[in-house]
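**Student:** return a 3D structure for these sequence lines:
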Amino acid sequence: MDCTGKKVVVLVDQLYQEMEVWVPLYRLQEAGAEVVTVGAEAGKSYPSKLGYPCVAKLSYEQVEAKDYDGVVVPGGFAPDHIRRHPKANRLVADFNAQGKLVAAICHGPWVLCSAHGMLKGRNATSFFAIKDDVVNAGANWSDAEVVVDRNLVTARKPEDLPAFNQACIRVLASQ
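**Tutor:** Below is the predicted model:
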């Protein structure tokens, strides 16, 4: 599927899971999308769980959902840092309100839990350890490789990346 002309944000912060940032980022680029990394500080280098750096090209304050077609929230422990920023939570909620791709893998749904009620009544999955958080945020949780609920794409773990990436590209291409 072709995502030429689409623009996607990948959120980053310290302790991100390496594959859950870089694999979707490169796969979306291969599909033709322009992908930009966004964090609390533009130009800051955020280390992954293993120390691999990712520089945020833009900050939350520099990005508005209306200018992009989707957002990807990786796992690791980065989501616990990302959701401490009200602007990040608002950004994800805005993508959702506009019906644009909101994709989260592993611990990424932690950010969705903080995104202004966006999980209420939605179908989702996540890493099993945060199932209670996702359920308490109002989602119908299932232990599935990938769950697609309209514009929302969620997955459990790095092994689910092939299905996660395919679903993200399908949703993005259909917008």
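**Student:** what about the residue lying closest to Lys120 once chain neighbours are set aside, how many neighbours?
**Tutor:** Here the nearest residue to Lys120 in space, its sequence neighbours aside, is Gly138; by CB to CB, 6 or more residues apart in numbering that works out to 3.4 Å. For the C-beta atoms, the positions are set from N, CA and C on the backbone; glycine is no exception. As a burial measure, Gly138 scores 14 neighbours (other CB atoms under 10 Å).
**Student:** now Gly138, what's its secondary structure?
**Tutor:** At Gly138 the chain is in coil, as set by DSSP: H, G, I helix; E, B strand; the rest coil.
**Student:** I'd say Arg122 and Gly138 touch.
**Tutor:** Yes - with contacts counted by CB atoms under 8 Å, Arg122 reaches Gly138, the gap being 7.4 Å.
**Student:** that older thread, go ahead and confirm the residue nearest to Lys120 touches Asn123.
**Tutor:** No - contact criterion CB under 8 Å: Gly138 and Asn123 do not qualify, at 11.1 Å.
**Student:** how about the helices in this structure?
**Tutor:** 18-30, 78-82, 86-97, 109-113, 131-136, 161-174 (DSSP state H).
**Student:** most packed of those?
**Tutor:** Mean neighbour count, computed with mean count of other CB atoms under 10 Å, is highest for helix 109-113 among these, reaching a mean of 27.
**Student:** so for that one, mean pLDDT?
**Tutor:** When pLDDT is averaged along helix 109-113, the result is 98.
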